[in-house]
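In: output the structure for:
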Amino acid sequence: MIKITESASQKILALKNEEGKPSEAFLRVEVKKGGCSGLSYKMDFDTELKEGDKAFEAHGQRIVVDTQSILYLIGMELDYSGGLNGKGFVFNNPNATKNCGCGSSFNV
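Out: So this is what the prediction gives:
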């Protein structure tokens with residue numbers, strides 16, 4: 001299961017509106033090889049489900065993860081921080097054993 005905080009869902013909705021995405025669009029979260037720690041997060045809006053996709057919904061927003069990425073993301077919480085220490089999505093991933101300083105790559 002992947003959790004979505006209220007602040008993350010508000011930001012997802014705001015980004016969808018800014019980019020003119022349809023209301024049925026969802027946020028696709030993937031794990032790709034790369035980044036300074038070995039694996040990195042990739043996010044993009046999508047409207048088409050693929051075979052084996054897992055969907056998670058909270059606060060009116062939906063996140064979809066493919067079958068390979070879910071292995072790295074089980075139990076993760078997606079948050080959004082807009083504070084003085086930086087703005088952006090925060091991946092609270094219990095599977096990560098090492099994170100880079102920017103928070104966009106990790107290793108397991």
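
In: bridging residues for the residue most central in space within the chain?
Out: Most central residue of the chain, judged by C-alpha distance to the mean C-alpha position with CA atoms, centre = their mean, is Val29 at 4.5 Å. Per DSSP bridges, the residues bridged to Val29 are Met43, Val65.

In: what distance do you get for Ser81 to Ile2?
Out: Distance check for Ser81 against Ile2: by CB to CB, to the nearest Å, it reads 17 Å. Bear in mind the C-beta positions are built from the backbone N, C-alpha and C, glycine included.

In: ok, those two, which is more surrounded?
Out: Taking other CB atoms under 10 Å, Ser81 and Ile2 do not tie; Ile2 has more neighbours (21 against 16).

In: residue contacts, that one?
Out: Val29, Phe56, Ile63, Val65, Leu73, Ile74, Gly75, Met76, Glu77, Leu78 (CB atoms under 8 Å, 6 or more residues apart in numbering).

In: right, I'll call it a day here.
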